[in-house]
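*Asks:* Coordinates for the following, if possible.
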Amino acid sequence: MQWHKIFVPEITELIEQRNLKELGEFLRGLHPADIVDILRDLPSADRVLAFRVLDKTKLAWVFSMFEPEEQEELLKLFTEQKVKEILLEMDSDDRAQLLEELPADMVKKFLALLPHDEKEITNLILNYPDNSAGRLITTDYVALRADKTATEAIEYVRRTGPDKETIYICYVIDQTRKLIGVLSLRDLILAPPDKKIGEIMKTIVSSVKTTDDQELAARVIQKYDLLAVPVVDREGRLVGIVTVDDVIDILEEEVTEDMEKMAAVRLPEEAYFKAGFFQAVRKRATWLVILIIAETFTSDLIENYTTSLTSLVALAYFIPMLISSGGNTGAQSSTLVIRALAIGEVTLGEWWKILSREVWIGATLGGILGGVAYIKVYQSVGDQTTGIAVGLALLAVVLVGNIIGVLIPLIFRRIGWDPATVSSPLIATVLDLTGLLIYFEVTRRMLSI
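*Replies:* Sure, this is the predicted structure:
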């Protein structure tokens, strides 16, 4: 049982009694994430009533943590004034993300509720490319001038800080808003009062451009251990920041997407039980149909080697061992290479080093597995030559499987495709065909069939 469920009966009773004062005191003492869990277990009408007792800041915070479809449902139940309060209190990036998910008529209606400056900021964010760093920016940051003293800067942070998403890192800009430095709140507080910001700031700044992929923003924050990364336009002018909490969401989305591709399945955007039955079937069937068509070539190959199987039926016993070993080896090597490419451990320029390394690893693994196969085959059929043939075939299959598992992701990256698209089922299907071809040719020649 989830712990938040124990509060649902109590909250329901307070709502039925219309005891809004006690309800407000109770909810205000909880973290927004816990409030979201509780509200999800309430009927829609009770959710709306619970939202009424939250202060503006917490109201927007709780609302932003709901899923897009839940937010749309709630907005239809709120009054126009309540919607306006929520939109104004939301961070600019959360607001843009919300409007991006809503129908066009609702977006037009809600944008009309915003003041001119907030509307401009929201439209600016929405006009950046999908999945770009610009789509994630918040404009609620502290910007300082290099000619200000530490005392003046601290007073400015104290005055404007309550409206900013983060104050722990301040960004230094010139008269044209170009980013020229960064300054931590710690360094600012510890600096001599009359010291100029230009003398305290760090001039080496890790930043990304508005059109850069959101994954790059995530990698920069991860690599340099930042709380936020500044986002600049083509001229180097500061337009916003991407905070670490947004990066966590990005990483979750990207990992989920890669898992879907590597499992040969396109998952619906909705939650598991909210996705329709036929929608779930359709999104999973596409790859399965492609793979089963590819497997028909494997059947044709087996048919072409009917003579070999008829001459030595025992060869058929070891087919599953051969193709599964090749598929498993290829899946291992492709997963390692895809991960290394994704986090920047290796680059395309190092393809020869990667391939050379994996050739030796594949040969070593093939030798180990081939030795195990020889022992198993010799025990089964009592023929040393057959054991050697199957063992050598397995060595070759594992070596080729390792090479294919490395080359395909590198080729996909080279032509601009996502390496995660090289799913494990796809590699396994390719190796089924090549593994069988190697197996039959090696055993046919060694056993003079």
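*Asks:* Going by C-alpha atoms from here, please, whenever you check contacts or count neighbours.
*Replies:* Will do.
*Asks:* Format the CA atom coordinates belonging to the helix or strand that contains Val157 as PDB.
*Replies:* In this assignment (DSSP states H and E), Val157 forms part of helix 150-160. Listed next in PDB are the C-alpha coordinates belonging to helix 150-160 (Å, rounded to 0.1, in the frame of the first residue of the first chain):
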ATOM      1  CA  ALA A 150      29.500  42.900  -4.700                       C
ATOM      2  CA  THR A 151      27.300  44.900  -2.300                       C
ATOM      3  CA  GLU A 152      25.200  46.200  -5.100                       C
ATOM      4  CA  ALA A 153      24.900  42.700  -6.600                       C
ATOM      5  CA  ILE A 154      23.800  41.200  -3.300                       C
ATOM      6  CA  GLU A 155      21.200  43.800  -2.800                       C
ATOM      7  CA  TYR A 156      19.900  43.100  -6.300                       C
ATOM      8  CA  VAL A 157      19.700  39.400  -5.700                       C
ATOM      9  CA  ARG A 158      17.900  40.000  -2.400                       C
ATOM     10  CA  ARG A 159      15.400  42.200  -4.200                       C
ATOM     11  CA  THR A 160      14.700  40.000  -7.200                       C
END
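*Asks:* Buried residues, it. List them.
*Replies:* Ala150, Thr151, Glu152, Ala153, Ile154, Val157 (16 or more other C-alpha atoms under 10 Å).
*Asks:* How far away from the center of its chain is the stretch of helix or strand Val400 belongs to?
*Replies:* Taking DSSP H and E as the criterion, Val400 maps to helix 384-414. Centre-to-centre, helix 384-414 and its host chain are 31 Å apart (C-alpha atoms, centre = their mean, to the nearest Å).
*Asks:* quick revisit: kindly indicate which of the buried residues of helix 150-160 lies nearest Ala191.
*Replies:* The shortest gap between Ala191 and any of these belongs to Ala150, at 6.6 Å (C-alpha to C-alpha).
*Asks:* Contacts only, for that closest one.
*Replies:* Counting by C-alpha atoms under 8 Å, 6 or more residues apart in numbering, Ala150 touches Leu188, Ile189, Ala191, Pro192, Pro193, Asp194, Lys195, Lys196, Ile197.
*Asks:* and the gap between the residue nearest to Ala45 when sequence neighbours are not counted and Glu70?
*Replies:* Spatial nearest neighbour of Ala45, excluding adjacent residues (C-alpha to C-alpha, 6 or more residues apart in numbering): Leu77 at 8.0 Å. Between Leu77 and Glu70 the computed distance is 11 Å (C-alpha to C-alpha, to the nearest Å).
*Asks:* Next: Asp94.
*Replies:* For Asp94, the distance to Glu70 - C-alpha to C-alpha - is 14 Å.
*Asks:* element containing the residue lying closest to Ile173 once chain neighbours are set aside?
*Replies:* Spatial nearest neighbour of Ile173, excluding adjacent residues (C-alpha to C-alpha, 6+ apart): Leu179 at 4.7 Å. Using DSSP H and E, Leu179 maps to strand 179-184.
*Asks:* hmm, who's touching the following helix or strand past that strand?
*Replies:* The helix or strand immediately downstream of strand 179-184 is helix 185-190, counting by DSSP H and E. Residues from elsewhere that reach helix 185-190 (C-alpha under 8 Å, 6+ apart): Ala150, Ala153, Ile154, Ile167, Tyr168, Ile169, Cys170, Ile200.
*Asks:* Buried residues of helix 185-190, list them for me.
*Replies:* Buried, per 16+ other C-alpha under 10 Å, within helix 185-190: Leu188.
*Asks:* Distance from the chain centre to that helix, please.
*Replies:* Helix 185-190 sits 34 Å away from the centroid of its parent chain (C-alpha atoms, centre = their mean).
*Asks:* hmm, back to that, mean confidence score for the helix holding Val157?
*Replies:* Averaging pLDDT along helix 150-160 yields 94.
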